[in-house]
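A.B. asks: Fold the stuff below for me.
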Amino acid sequence: MSDEIRDLLEEAARRARQETDDEPEPGMAGDVAWPMQVSLGKGLEGAIATSTQIGYVNGAKGWLIYRGYNVFDLAIHSTYEETAYLLLYGSLPSRRQLADFSRLLVHQRPVPPTVFDVLGMIPTARTHPMAALRTAVSVLGTLDESAEKLTVADETDVAVKLIAQFATLTGAIARIRHGREPLAPRDDLGHAANLLYLMTGEEPDPLMARIMDIGLILHADHGMNASTFTTMVVNSSLADMYSSVVAGIGSLKGPLHGGANEQVLYDLEDIQRPENVEPWLDRAQASKRKVNGFGHRVYKAYDPRARILGPLAELLSRRDLATRNLYQIAVALDELMTSRLGKEKKIFPNVDFYSGIVYKAMAIEPGMFTPIFAVSRVAGWCARALEYLGDNRIFRPRAIYTGPPRMEYHRSIRGPSDGGPFQEWKS
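C.D. replies: Modelled structure (predicted):
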């Protein structure tokens with residue numbers, strides 16, 4: 001890592017500790033005694049579905065922890081390969097273990113040509129890249145003879161394969177949607193650098209590769225979020241890992257989850273100049289319009305991932321005038337929103353706010369932002385599904401019925417003339 005990036009991240013970590021040290025613990029860590037009583041909100045808000053040793057989000061302090069390691073430390077010292085190993089296997093690897101795991105990922109990168117054939121048949125002009133990724137992973141599952149084996153060891157092998165191949169698929173989708181041929185993955189590049197190469201056709205410089213690597217680390221896991229929970233629900237029925245991950249992709253695709261950073265970029269482009277921020281925000285708040293990239297269901301402090309991505313966006317903005325303007329707009333919006341809603345309502349920038357600027361500076365189109373998210377998060381999806389599989393119980397919540405308790409049955413055949421949906425047919 002360059003000294004400049006290290007200095008930026010260490011300063012971000014220092015500020016995070018300084019600003020959140022007095023915040024209370026939320027009481028979401030420690031031993032679990034089942035059954036337990038919780039206060040539930042709609043959408044299972046507040047529900048405790050399981051216990052985990054994989055990750056912890058401390059919303060009050062603004063901390064993100066992977067197996068005991070603060071995400072700031074991982075962003076400074078780790079790589080995505082090492083972080084994925086940590087999530088899957090429970091500890092940081094030795095040098096030899098990391099080398100072996102990295103070689104295994106490289107070995108698993110190639111994708112069967114059939115998958116590219118199917119991607120080539122998708123109408124790319126009207127198909128979201130996440131829909132293409134969902135289809136590609138489903139096809140992978142049909143081609144993998146080991147997909148239906150359900151031991152934890154076999155599922156772990158599939159998980160490693162998926163982590164390796166998500167980058168290959170995403171690179172292929174980025175090229176096919178513009179009429180270009182997919183590229184073969186390179187054995188001499190790390191996971192992040194290989195992803196950028198497969199998307200752009202150019203080997204990234206070390207700075208770009210390292211910033212993408214950090215972005216992948218930051219998105220690798222994040223508690224019981226919607227896509228992680230979706231993956232775990234499907235896997236708890238003892239479906240195969242491919243089916244489970246396909247479901248996770250579908251959940252991540254939504255604009256309230258993985259698609260939010262794309263919307264942030266559109267907002268910044270709509271504002272056009274830093275001096276337009278205040279009137280734009282006044283109109284947005286007057287119309288009760290959601291300001292994309294702000295607020296989080298869990299965080300009541302500044303999202304630690306945004307603390308890291310903000311300085312990286314600034315670093316990249318020095319290279320490009322258009323990116324510089326977007327960054328300056330973002331900073332102005334960040335400061336104004338935080339001053340208005342931060343102290344009272346605990347609304348701060350989340351991970352989506354600066355990530356789109358980072359990816360745009362890498363010449364990545366907005367439609368590919370969420371697939372990049374998936375390239376990272378597949379490690380967290382698989383790790384949590386595997387952990388739960390070790391002591392599996394199928395998820396089965398209930399719903400409160402609010403319909404009529406009893407209706408008298410009688411047959412009624414109505415034709416179109418009386419507004420009914422059915423028509424009596426006569427021979």
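
A.B. asks: What count of nearby residues applies to His128?
C.D. replies: 17 (other Cβ atoms under 10 Å). Any C-beta I mention is one placed from the backbone N, CA and C, and that applies to glycine too.

A.B. asks: That one and Lys253, how far apart?
C.D. replies: Distance from His128 to Lys253, counting by Cβ to Cβ, to the nearest Å: 7 Å.

A.B. asks: quick one, what contacts Ala363?
C.D. replies: Thr200 (Cβ atoms under 8 Å, 6 or more residues apart in numbering).

A.B. asks: tell me the SS of it?
C.D. replies: Here Ala363 is coil, with the state taken from DSSP: H, G, I helix; E, B strand; the rest coil.

A.B. asks: so what pLDDT did it get?
C.D. replies: Looking at Ala363, its pLDDT stands at 90.

A.B. asks: One more: Phe353?
C.D. replies: So Phe353 comes in at 89 (pLDDT).

A.B. asks: ok, it to Ala125 distance?
C.D. replies: Phe353 is 29 Å from Ala125, by Cβ to Cβ.

A.B. asks: More neighbours: those two, which one.
C.D. replies: Using other Cβ under 10 Å as the criterion, Phe353 and Ala125 rank with Phe353 on top: 29 against 6.

A.B. asks: Show the subsequent helix or strand relative to the helix or strand where that one lies.
C.D. replies: Secondary structure assignment for Phe353, by DSSP states H and E: helix 351-361. Counting by DSSP H and E, the next helix or strand C-terminal to helix 351-361 is helix 369-389.

A.B. asks: Packing partners of that next one?
C.D. replies: Using 3 or more Cβ pairs under 8 Å, 6 or more residues apart in numbering; DSSP states H and E, the elements in contact with helix 369-389 are helix 80-89, helix 129-143, helix 152-176, helix 206-218, helix 226-236, helix 241-252, helix 260-271, helix 351-361.

A.B. asks: circling back: CA-only coordinates of the helix holding Phe353, as CSV, when you get a sec.
C.D. replies: Taking Å, rounded to 0.1, in the frame of the first residue of the first chain, the C-alpha atoms of helix 351-361 are listed here in CSV:
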residue,chain,number,x,y,z
VAL,A,351,-21.3,3.3,2.6
ASP,A,352,-23.1,4.2,-0.7
PHE,A,353,-22.5,7.9,-0.5
TYR,A,354,-18.8,7.9,-1.6
SER,A,355,-18.4,4.5,-3.2
GLY,A,356,-20.1,5.6,-6.5
ILE,A,357,-17.5,8.4,-6.8
VAL,A,358,-14.7,6.0,-6.3
TYR,A,359,-16.0,3.6,-8.9
LYS,A,360,-16.7,6.4,-11.4
ALA,A,361,-13.1,7.6,-11.0
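
A.B. asks: follow-up on the earlier one: most packed of the helices and strands packed on helix 369-389?
C.D. replies: helix 351-361 (a mean of 26; mean count of other Cβ atoms under 10 Å).

A.B. asks: Show me how far that one is from its chain's centre.
C.D. replies: Its chain's C-alpha centre and that of helix 351-361 lie 13 Å apart, by Cα atoms, centre = their mean, to the nearest Å.

A.B. asks: Now do it against helix 369-389, angle only.
C.D. replies: 130 degrees (axes from the mean of the first three to the mean of the last three Cα atoms, to 10 degrees).

A.B. asks: any low-confidence regions in the stretch 1-150 of the chain?
C.D. replies: For the stretch 1-150 of the chain, the stretches with pLDDT under 70 are 1, 21-27, 149-150.

A.B. asks: Could you do the stretch 201-350 of the chain as well?
C.D. replies: Of all residues in the stretch 201-350 of the chain, none has pLDDT under 70.

A.B. asks: measure Ala226 to Gly190 for me?
C.D. replies: Here Ala226 is placed at a distance of 29 Å from Gly190 (Cβ to Cβ).

A.B. asks: same thing with Arg273?
C.D. replies: 38 Å.

A.B. asks: export the helices and strands packed on helix 369-389 to CSV and tack on distance to Asp320?
C.D. replies: CSV is the format used below for these (distance: least, Cβ to Cβ, whole Å):
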stretch, distance to Asp320
helix 80-89, 24
helix 129-143, 23
helix 152-176, 20
helix 206-218, 12
helix 226-236, 31
helix 241-252, 28
helix 260-271, 14
helix 351-361, 6
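
A.B. asks: and Asp103, how many residues sit next to it?
C.D. replies: For the record, residue 103 is Arg, not Asp. Using other Cβ under 10 Å, Arg103 is surrounded by 11 other residues.

A.B. asks: Which helix or strand contains it?
C.D. replies: Per DSSP H and E: Arg103 is located in helix 95-108.

A.B. asks: Mind giving me the packing neighbours of that helix?
C.D. replies: The contact analysis (3+ Cβ pairs under 8 Å, 6+ apart) places helix 95-108 against helix 80-89, helix 152-176.

A.B. asks: The shortest one vs helix 95-108, what angle?
C.D. replies: If I follow you right, that is helix 80-89. Using the same axes, to 10 degrees: helix 80-89 against helix 95-108 is 100 degrees.

A.B. asks: swap in the last one?
C.D. replies: If you take the same axes, to 10 degrees, helix 152-176 sits at 50 degrees to helix 95-108.

A.B. asks: now helix 152-176, how far from the centre of its chain.
C.D. replies: With Cα atoms, centre = their mean as the basis, helix 152-176 stands 15 Å off its chain's centre.

A.B. asks: for that helix, packing partners?
C.D. replies: Looks like helix 152-176 contacts helix 80-89, helix 95-108, helix 113-121, helix 129-143, helix 191-200, helix 241-252, helix 369-389 (3+ Cβ pairs under 8 Å, 6+ apart).

A.B. asks: Turn these into JSON lines, including distance to Arg289.
C.D. replies: Converted to JSON lines, the helices and strands packed on helix 152-176 look like this (distance: least, Cβ to Cβ, whole Å):
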{"stretch": "helix 80-89", "distance to Arg289": "35"}
{"stretch": "helix 95-108", "distance to Arg289": "42"}
{"stretch": "helix 113-121", "distance to Arg289": "36"}
{"stretch": "helix 129-143", "distance to Arg289": "24"}
{"stretch": "helix 191-200", "distance to Arg289": "32"}
{"stretch": "helix 241-252", "distance to Arg289": "24"}
{"stretch": "helix 369-389", "distance to Arg289": "21"}
